[in-house]
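Enquirer: From the sequence below, what's the structure:
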Amino acid sequence: MPLNIPNILTWLRILLIPLFVAIYYLPQHWMTPHDANLIAAGIFAIAAVTDWLDGYLARTLNQTSAFGAFLDPVADKLMVAAALLVLVKLNRVDAMIALIIIGREITISALREWMAQIGASKSVAVSFIGKIKTAVQMIAIFLLLYHDSFFQQINAQMLGTWLIYIAAILTLWSMGYYLKMALPQVRNRI
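Expert: Predicted coordinates for the structure are as follows:
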């Protein structure tokens, strides 16, 4: 396992998961609900930024590695799944939306693994729709974690709810796209 800046950032993202989840399990007299939301949203924002930053640095510093290519999407999926489970527990996200998003992540991860094994991983490389889905999903989760209003006028919960529904639609769309791209390889293997 190469120890470089991108991989350290990915490990940091993984280490932030229990910290982020623990915020909502601390005794209520330790902090106000607003403070818990603010801290959890901040931790999630740091994780989202490191997701972008580790990939950028890996390419810029020419520090890409097979281990980093494996670990980065695992860290992303763990963070998103943990956030969605917390949001379901807090009644801020419908369980069906969480199931769609987490189910898609598992399905596409398995598809990518299988496609890599048969030497056709380029067929399911990250697409533009996948990048849009990720951006909308990350913003939605941040807003749903924050939960309060911005500038006393912007309702983060309402905006986050709209965005998580859009993210779920983009999730299904991108899953369909990836499955369509893999279909020729699937047909050849049957």
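
Enquirer: count of neighbours near the closest residue to residue 7 other than its chain neighbours?
Expert: Nearest residue to residue 7 in three dimensions, chain neighbours excluded: residue 68, at 5.1 Å (CB to CB, 6 or more residues apart in numbering). Glycine gets a C-beta too; all of them are placed from N, C-alpha and C. Residue 68 has 19 neighbouring residues, counting by other CB atoms under 10 Å.

Enquirer: Same check on the one 10 residues further on?
Expert: Residue 78 has 16 neighbours, counted by other CB under 10 Å.

Enquirer: buried sites along stretch 152-161?
Expert: For stretch 152-161, the neighbour count (16 or more other CB atoms under 10 Å) marks 156, 159, 160, 161 as buried.

Enquirer: quick one: it to chain centroid distance?
Expert: Per CA atoms, centre = their mean, to the nearest Å, the displacement of stretch 152-161 from the mean C-alpha position of its chain is 20 Å.

Enquirer: on that earlier part again, which one of the buried residues of stretch 152-161 is nearest residue 52?
Expert: Closest approach between these and residue 52, by CB to CB: residue 160, at 19.6 Å.

Enquirer: tell me what the longest helix anywhere in the chain is packed against?
Expert: Counting residues, the longest helix in the chain under DSSP state H turns out to be helix 156-189. Packing partners of helix 156-189 (3 or more CB pairs under 8 Å, 6 or more residues apart in numbering; DSSP states H and E): helix 95-117, helix 128-146.

Enquirer: right, and out of the buried residues of stretch 152-161, which lies closest to residue 8?
Expert: residue 160 (30.0 Å).

Enquirer: Nearest residue to that closest one in space, please, no chain neighbours.
Expert: The shortest distance from residue 160 to any non-neighbouring residue, by CB to CB, 6+ apart, is to residue 143 (3.1 Å).

Enquirer: Could you do residue 155 as well?
Expert: Closest to residue 155 by CB to CB, 6+ apart is residue 149, at 5.5 Å.

Enquirer: Need the helices and strands packed on helix 156-189 in a markdown table (columns: mean pLDDT).
Expert: A markdown table is the format used below for the helices and strands packed on helix 156-189 (pLDDT from 0 to 100):
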| stretch | mean pLDDT |
| --- | --- |
| helix 95-117 | 88 |
| helix 128-146 | 92 |
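
Enquirer: Residue 3 looks like it's in a strand, true?
Expert: No - Residue 3: not assigned to a strand; according to DSSP: H, G, I helix; E, B strand; the rest coil it is coil.

Enquirer: what's around it, how many residues?
Expert: 9.

Enquirer: can you start the count at 38 instead of 1 from here on
Expert: I'll keep to 38 as the first residue from here, and by that count the last item is residue 40.

Enquirer: any idea how far it lies from residue 183?
Expert: 34 Å (CB to CB, to the nearest Å).

Enquirer: Could you tell me how far the most centrally placed residue in the chain is located from residue 127?
Expert: Among the residues of the chain, the one closest to the centroid is residue 117, at 3.8 Å (CA atoms, centre = their mean). According to CB to CB, residue 117 and residue 127 sit 16 Å apart.
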